[in-house]
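Trainee: coordinates for the following, if possible.
(one chain, ligands or ions: 1)
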Amino acid sequence: AETLDVERIREEFPILEREFDGTQLVYLDNAATTQTPEPVVETITDYYRNYNANVHRGIHQLSQEASIAYEEAHDRVAEFIGADGREEVIFTKNTTESMNLVAYAWGLNELGPGDEVVLTEMEHHASLVTWQQIAKRTGAECKYIPITDEGRLDMEAAKELVTDDTEMVSVVHVSNTLGTINPVSELADIAHDHDAYITVDAAQSVPNRPVDVTEIDADFLAFSGHKMAGPTGIGVLYGKQHILEEMEPYLYGGDMILKVTFEDSKWNELPWKYEAGTPIICQGIALAAACDYLDDIGMERIERHEAELAAYAYERLTEEDDVEVYGPPADDRGGLVAFNLEGVHAHDLSSILNDSAVAIRAGDHCTQPLHDVLGTAASARASFYIYNTKDEIDRLVEAVHDARQLFA
Ligand SMILES: Cc1ncc(COP(=O)(O)O)c(CNc2co[nH]c2=O)c1O
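Mentor: Take a look at the predicted model:
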């Protein structure tokens, strides 16, 4: 199958040429945020230089141009994830806000004592803390699908945990710590068999592999623009249209209304009903440009490229007797590897790697309960994207050797 032309891609990311003390940057922190290609940067500068205006309300030319671009950005994102149309695509600030939108707008109204929300032990705090707190406020209960020794979901346990008392199943598609790719279509079937909804946290999957919300049959699905070659400040909540029609908004103000009297208000049509106030205009337009950029490369190619790098990193790191790698085997994981070097705290390791201009992340990756299950407070994590190479993984491993020498 065709591979990525990484060298051509790297030319569109000037930041990758940066050097620290004469050593070229190796950027391996893509699960935290990806870099932004020139075509997306140009979209941002073009907007502010040529048609910046407030949207939906103005009747002047600039406002009409900005409004059309902003509204059509919803159409483009809908196409990118296989949604039916802009009515199912709400622009938010990030995945975290998208998860909060579901929990506040749906959860607060629909959950009550005796109701259950089924999560997994590998959820990111954006999902876990959100549902945990909404459950506390509504008297509902959170339950957690356990993981196996290989860091996969225990699907037999999942079938037991989801019952007719379950109102929502909320699962991460690809774990940002383990790299585990969860069977979200199967989990959707399990949820729907019990008349529960499913929310998919797709922060680490929409940017990295083909994702089709209709194939998954997700009721809600959340992701962030900054993890898919787009800017920060833009995220998406996908929701099935009939659910979004029935659901009440939880952010009120301008743009989200059609009619306001002193007594009450009538909501705007979808998706504007959930986009209160001046929206994230430029970022939304830039996200559409990021969708174009990634589709030009091909999501299947991106998926294969990341799988190849993750497998190579997994193999090289597990060759080291004093390195523990977390998550599934090399041939069945998303584009990241979390690990620890015996005797060296992850923060010290990442600091030493930084001395060699290798950028990784260290800490709990906003999955503290998962790290409790793994039996470690922190881990180091290398995560890959379209511009990374095997040579860069060799640089990572060399820097791990340096760290071992330093702490030996
Ligand atoms: C699975 C998952 N869910 C939700 C989020 C939240 O996304 P945000 O709202 O755009 O921040 C992240 C970000 N994960 C990480 C952010 O920094 N390091 C990470 O691993 C994530 O990986």
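
Trainee: show me what residue of the stretch 251-400 of the chain gets nearest to the ligand.
Mentor: Taking CB to the nearest ligand atom, the ligand has its nearest neighbour within the stretch 251-400 of the chain at His365, 4.4 Å off. Every C-beta, even on glycine, is put in place using the N, C-alpha and C of the backbone.

Trainee: and that residue, what are its phi and psi?
Mentor: Main-chain dihedrals, His365, degrees, to the nearest 10: phi 50, psi 30.

Trainee: what number of residues lie near it?
Mentor: 24 (other CB atoms under 10 Å).

Trainee: what of Glu398?
Mentor: Neighbours of Glu398 using other CB under 10 Å come to 13.

Trainee: so what's it up against?
Mentor: Counting by CB atoms under 8 Å, 6 or more residues apart in numbering, Glu398 makes contact with Ser356.

Trainee: distance-wise, check it relative to Tyr387.
Mentor: To Tyr387, Glu398 is 20 Å away according to CB to CB, to the nearest Å.

Trainee: same question for Ile393.
Mentor: On the measure of CB to CB, Ile393 and Tyr387 end up 13 Å apart.

Trainee: likewise Glu65?
Mentor: For Glu65, the distance to Tyr387 (CB to CB) stands at 32 Å.

Trainee: what about those two, which has more around it?
Mentor: Shown here are Glu65 and Tyr387; by other CB under 10 Å, Tyr387 has more neighbours (24 against 16).

Trainee: the strands in the stretch 151-300 of the chain, which residues?
Mentor: 166-172, 197-201, 220-224, 235-239, 257-260, 265-267 (DSSP state E, counting those that start in this stretch).

Trainee: mind putting those strands in a markdown table, mean neighbour count and mean pLDDT included?
Mentor: Below are the strands of the stretch 151-300 of the chain laid out as a markdown table (neighbours: other CB atoms under 10 Å; pLDDT from 0 to 100):
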| stretch | mean neighbour count | mean pLDDT |
| --- | --- | --- |
| strand 166-172 | 26 | 99 |
| strand 197-201 | 27 | 99 |
| strand 220-224 | 29 | 99 |
| strand 235-239 | 28 | 99 |
| strand 257-260 | 12 | 98 |
| strand 265-267 | 13 | 98 |
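
Trainee: figure out which of these is closest to the ligand.
Mentor: Nearest of the strands of the stretch 151-300 of the chain (CB to the nearest ligand atom): strand 220-224, 3.4 Å.

Trainee: roughly how far out does the closest one sit from the chain middle?
Mentor: 7 Å (CA atoms, centre = their mean, to the nearest Å).

Trainee: residues in contact with it?
Mentor: Taking CB under 8 Å, 6+ apart as the rule, strand 220-224 contacts 81, 92, 94-95, 98-99, 102, 106, 126, 197-203, 205-207, 211, 213, 234-240, 243.

Trainee: how about the residues of the chain near the ligand?
Mentor: Neighbours of the ligand within the chain, by CB under 6 Å from any ligand atom: 31-32, 94-96, 124, 126, 172, 176, 201, 203-204, 224, 235, 361, 365-366.

Trainee: give me that answer again for 5 Å
Mentor: Contact residues (CB under 5 Å from any ligand atom) of the chain with the ligand: 31-32, 94-96, 124, 126, 172, 176, 201, 203-204, 224, 365.

Trainee: give me the subset of those lying in helices.
Mentor: Thr95, Thr96, Ala126 (DSSP state H).

Trainee: top of those residues by neighbour count?
Mentor: Thr95 (26 neighbours).

Trainee: mind checking how far that residue is from Val358?
Mentor: Taking CB to CB, one finds Thr95 at 26 Å from Val358.

Trainee: who's in contact with the residue at minimal distance from the centre of the chain?
Mentor: When CA atoms, centre = their mean is applied to the chain, the residue found nearest the centroid is Ala203 (1.0 Å). Residues in contact with Ala203 (CB under 8 Å, 6+ apart) are Thr95, His124, Ala126, Val172, Asn176, Ala222, Phe223, Ser224, Lys227.
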